[in-house]
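Build the 3D model from these lines:
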Amino acid sequence: MSIKKLIIRIAPIVSLLTILFSLVRIYQIEDISMYPALMDGDYVIVENVSAGIHVPSFFGYINAHLYDHPTGIKRGDILVFKHPLDERLYIKRCAALPGDSVMQWNKIFYLQIGSDENLTRRYAMKYSLKIATVEGQL
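You can find the predicted model right below:
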């Protein structure tokens, strides 16, 4: 087989893998911080389109995007990111967005969505969450 025929056969496969690894990545959970939803040893498939299109990386992690989607991340999404102070990848759930108020007290997480009490109530009702009041306010 000539080199030209070999390149013609391999090029579509390489192109497909490049596109696939730009849009989707597979990660293995290496701790228990997401227990019981995700356990140590579980695999997660992460799509990169809603948060932006990543630079393809077949081995390791490249911290760069080909396209950044400005409004792609939502509450409840699972995020994979590299912490700026160490080399580990973190897999965490998005609990709040910019403008939200967050508080933890006695191991209970409290969320106020922006300054809109009605939006917070609708969110709590949608996901069957308890509504906490402080001094008569939400």
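
which stretches of this structure have low pLDDT?
Along the chain, the parts satisfying pLDDT under 70 run over 1, 22, 48, 51-71, 134-138.

Could you list the domains of it?
3-93, 97-138 (automatic domain parsing).

what's around residue 91, how many residues?
The number of residues packed near residue 91 is 19, by other CB atoms under 10 Å. All C-beta spots, glycine's among them, are computed from the backbone N, C-alpha and C.

Confirm for me that it is in contact with residue 26.
No: between residue 91 and residue 26 there is no contact under CB atoms under 8 Å: 11.8 Å.

and for those two, which residues touch both?
Any residue near both residue 91 and residue 26 by CB atoms under 8 Å, 6 or more residues apart in numbering counts here, and that gives residue 44.

Residue 49 and residue 115: what is the separation?
Distance, residue 49 to residue 115, by CB to CB, to the nearest Å: 31 Å.

ok, those two, which is more surrounded?
Just comparing residue 49 and residue 115: by other CB under 10 Å the higher neighbour count belongs to residue 49, 13 against 10.

quick one: the more buried one and residue 29, what's the gap?
Residue 49 sits 22 Å away from residue 29, going by CB to CB.

Name the surrounding residues that touch the helix or strand hosting residue 103.
If you go by DSSP states H and E, residue 103 is part of strand 101-105. Outside strand 101-105, the residues that touch it by CB under 8 Å, 6+ apart are 95, 96, 109, 110, 111, 112.

Between those, identify the one with the most neighbours.
residue 112 (19 neighbours).
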